[in-house]
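Student: return atomic coordinates for the entry below.
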Amino acid sequence: MASGSQIVALFDQGADPDEAVLDRVFFALSDPVRRAILERLDGEALLVSELAAPFNISLQAVSRHIQVLVRAGLVQQHRTGRISRCSLLAGPIFAVAVWINRYSKYWQEQFDLLAAMLEEVSEPRRRKPRAGSRRGKIGRKV
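Tutor: Alright, predicted model coming up:
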C-alpha cells in the first residue's frame, strides 16, 4: 500500500502510481457498498457496527467490504480488543485522481469544441432583430 508520502512523491515526480495500487483502488471503488462506506467515513472514524447499520447485509459481509478497502489502502482499522474503528485514508484516491487527470486534456478539448459551437449557434440570434420592431440605419425606431 502506498503511504501519503509515497503519493506526494509520485505527484512531485510526475510518475504514474503503481499499477497494483490503481487496480486495488479501482476494484474497491467498483462496489456501491464500499463507496457508501467511504462516504460515511468522510471526516470521522466509525465502529464497524456503525458502518454496517444502514446496510441490509450481515456484519460479516460489511467486514469483508472493509477488508477490501483496507487492502486498497483506503481505510485504516484501529483495533482495541474486539472493537474495531475505521478511518478514511485519502492518499490512494489522490493517486488515482492524479492518474485520471492526465486524460483531462481529452474531455477539455471536447468542452472547448462545445463552447465554440454554442458561440456559433448563439451568434445569429444576437444579430437577428426581434419580430415587430423596425429599426432604422442608426438603430432608432422608425
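Student: buried set for the longest helix seen in the chain?
Tutor: Criterion DSSP state H: the longest helix present in the chain is helix 104-127. Neighbour counts over helix 104-127 (16 or more other CB atoms under 10 Å) mark no residue as buried. Every residue, glycine included, has its C-beta placed from N, CA and C.
Student: for that helix, what is the average pLDDT?
Tutor: The pLDDT scores in helix 104-127 average 80.
Student: likewise stretch 56-66?
Tutor: 95.
Student: now do the residue nearest the centre of the chain against Leu51, distance only.
Tutor: Nearest to the geometric centre of the chain sits Ala97, at 7.3 Å (CA atoms, centre = their mean). For Ala97, the distance to Leu51 equals 24 Å [CB to CB, to the nearest Å].
Student: again, but for Ile37
Tutor: Applying CB to CB to Ile37 and Leu51 gives a distance of 6 Å.
Student: just want to know which of these two has more residues nearby.
Tutor: Ile37 (26 against 23; other CB atoms under 10 Å).
Student: and stretch 48-55, what's buried?
Tutor: So for stretch 48-55, counting by 16+ other CB under 10 Å, buried means Val48, Leu51, Ala52.
Student: go on, stretch 33-46?
Tutor: By neighbour count on 16+ other CB under 10 Å, the buried set for stretch 33-46 is Val33, Arg34, Ile37, Leu38, Arg40, Leu41, Leu46.
Student: using PDB, list the CA coordinates for it.
Tutor: C-alpha atoms of stretch 33-46 as PDB (Å, rounded to 0.1, in the frame of the first residue of the first chain):
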ATOM      1  CA  VAL A  33     -21.500  -0.600  -0.700                       C
ATOM      2  CA  ARG A  34     -17.800   0.200  -0.400                       C
ATOM      3  CA  ARG A  35     -18.300   3.700  -1.900                       C
ATOM      4  CA  ALA A  36     -21.000   4.300   0.700                       C
ATOM      5  CA  ILE A  37     -18.700   3.100   3.400                       C
ATOM      6  CA  LEU A  38     -16.100   5.600   2.300                       C
ATOM      7  CA  GLU A  39     -18.700   8.400   2.200                       C
ATOM      8  CA  ARG A  40     -19.700   7.600   5.800                       C
ATOM      9  CA  LEU A  41     -16.000   7.700   6.900                       C
ATOM     10  CA  ASP A  42     -15.500  11.200   5.400                       C
ATOM     11  CA  GLY A  43     -14.400  13.300   8.400                       C
ATOM     12  CA  GLU A  44     -14.900  10.700  11.200                       C
ATOM     13  CA  ALA A  45     -13.800   7.400  12.400                       C
ATOM     14  CA  LEU A  46     -16.600   4.900  12.900                       C
END
